[in-house]
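Engineer: sequence and computational prediction follow.
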Amino acid sequence: MTDSASTDFTRIDRAARSEKLPYAALLAFAMTGFIAILTETLPAGLLPQIGAGLGVSEVLAGQLVTLYALGSIVAAIPLTVATRGWPRRRVLLMTVGGFLVFNTITTFSSHYGLTLASRFLAGMAAGLSWGIMAGYARGIVPVHQQGRALAIAMLGTPVALSLGTPAGTWLGNLIGWRASFGIMSALALVLAAWIVIAVPDRPGQASAERLPLLQSLRLPGVRPVLLVVLTWMLGHNILYTYIAPFLMQVGLAERVDRVLLVFGLCSLVGIWIIGLLVDRWLRWLTLISLAVFAVTALVLALMSPSPWLIYACMAVWGLSFGGSATLLLTAAADSAGEHVDVVQAMLTTSWNVAIAGGGLFGGLLLARAGAMSFPWALLILSLIALATVWINVHHSFKPGRRVR
């Protein structure tokens, strides 16, 4: 072990003894997630401008989002496996450097093919970042604080979705889409310096400790967590992706932005609550979140829709969904033990597959059964996830408090 790494471990041990969370380091992880999500979603609100700038249709401009997601799906597992023996800070800096380089290319590129390639490579950087961040964040705190640490480290995702994406769209309309991507590059540069200063290093996994990929998948509890990820996130993304046509059916077509703002703000409250309690009640919080999600879907399916009912359901949906990443990442990490990075990469891939599946199956439902069929699909998927959590009590979703 190098002198630098020894110094970093000394810092971690001191933090553990003082019971104080390393907020500067954890917020650097949150900022990484914020940049990853905002880099992915920023084009969605600026498709007309991007299409005009690259000389393509809005449909082709929309493929900037698709290629980013595809890069993340393709790269998460193989890149995480390939780098699991490397020092963690080096890998994290590589991902942030990827955001810096590829967002800069997007900023200045006038060639559609080059822009697509840069988006795919930026997605690969994102896939690697999601594969390592959870294990890295948990590794710099004592066991009984790992859930809270993970909640802080994952805070960037709901902030980006609820506040960052609308703000990025507004800024892009104000100063241009290229300048918006330039700002993302500048944020990545600042973040790289922040990581060097504030984030302690961790060693990679020794070669003797590494499990082959399929053996990692066979670890007790891993497959149930991945099933919950697929079903819960698939249900969420069916409605979230097609929220506009759903709201059109209930007379709120002009209020999509307000409805999503309510959802996003309540998601922030949800992640705060989960962050406070996850180290004591992981199992019950997961069961309650899924049960609330199922009840919300049932209300949307059965009740005569009114604006206030929709707003109330969106608020409750946001509360139940906000902490989902913390709950699922914690359950996966508990199941994975020392093999957390590879399992987190599997979770990332499952999550992105669910996002893509939400677009696909939501589109099929919309075309064949209409938007009012969405709540029934959500109900079925949430009940499958709920049953999976309920029966997996020994490994994935264990009751009780984490030991010190």
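Structural biologist: All right, it came through fine.
Engineer: check contacts around the residue nearest the centre of the chain.
Structural biologist: The centroid of the chain falls nearest to residue 157 when counting by CA atoms, centre = their mean (5.5 Å). The neighbourhood of residue 157, defined by CB atoms under 8 Å, 6 or more residues apart in numbering, consists of 33, 34, 37, 325. Any C-beta I mention is one placed from the backbone N, CA and C, and that applies to glycine too.
Engineer: top of those by neighbour count?
Structural biologist: Neighbours here mean other CB atoms under 10 Å. Within the contacts of residue 157, the largest count is held by residue 325, at 26 neighbours.
Engineer: residue contacts, residue 275?
Structural biologist: Applying CB under 8 Å, 6+ apart, one finds that residue 275 lies in contact with 147, 148, 151, 152, 323, 326.
Engineer: helix or strand: which one has it?
Structural biologist: Mapping residue 275 onto the secondary structure by DSSP states H and E places it in helix 256-302.
Engineer: which helix or strand lies directly C-terminal to the helix or strand of the chain with the lowest mean pLDDT?
Structural biologist: Of all the helices and strands that make up the chain, the one with the lowest confidence by mean pLDDT, DSSP states H and E is helix 3-18; it has a mean of 50. Later in the chain than helix 3-18, the nearest helix or strand by DSSP H and E is helix 23-41.
Engineer: what about residue 239, how many neighbours?
Structural biologist: Using other CB under 10 Å, the number of residues around residue 239 comes to 21.
Engineer: which residues sit against stretch 343-354?
Structural biologist: When contacts are defined by CB under 8 Å, 6+ apart, stretch 343-354 is touched by residues 69, 72-73, 76-77, 79-81, 127, 130-135, 216-217, 219, 222, 225-226, 229-230, 232-234, 236-237, 328-329, 332-333, 335-336.
Engineer: out of these, name the ones that lie in helices.
Structural biologist: Within the contacts of stretch 343-354, residues falling in helices by DSSP state H are 69, 72-73, 76-77, 79-81, 127, 130-135, 216-217, 222, 225-226, 229-230, 232-234, 236-237, 328-329, 332-333, 335-336.
Engineer: follow-up on the earlier one: nearest to residue 105, of the contacts of residue 275?
Structural biologist: Set against residue 105, the nearest of the contacts of residue 275 by CB to CB is residue 152 (31.2 Å).
Engineer: any idea how far residue 184 is from the residue nearest to the closest one when sequence neighbours are not counted?
Structural biologist: Nearest in space to residue 152, with sequence neighbours left out and distances taken as CB to CB, 6 or more residues apart in numbering, is residue 26 at 4.2 Å. Counting by CB to CB, to the nearest Å, the gap from residue 26 to residue 184 is 21 Å.
Engineer: what of residue 389?
Structural biologist: Here the criterion is CB to CB. By it, residue 389 lies 36 Å from residue 184.
Engineer: what's the answer for residue 355, then?
Structural biologist: 20 Å.
Engineer: ok, these two, which is more surrounded?
Structural biologist: Set side by side, residue 355 and residue 184 show unequal neighbour counts under other CB under 10 Å, the larger going to residue 184 at 23 against 20.
Engineer: give the contact list for the residue nearest to that one when sequence neighbours are not counted.
Structural biologist: Among residues not flanking residue 184 along the chain, residue 103 sits closest, at 4.5 Å (CB to CB, 6+ apart). The neighbourhood of residue 103, defined by CB under 8 Å, 6+ apart, consists of 39, 118, 122, 181, 182, 184, 185, 188.
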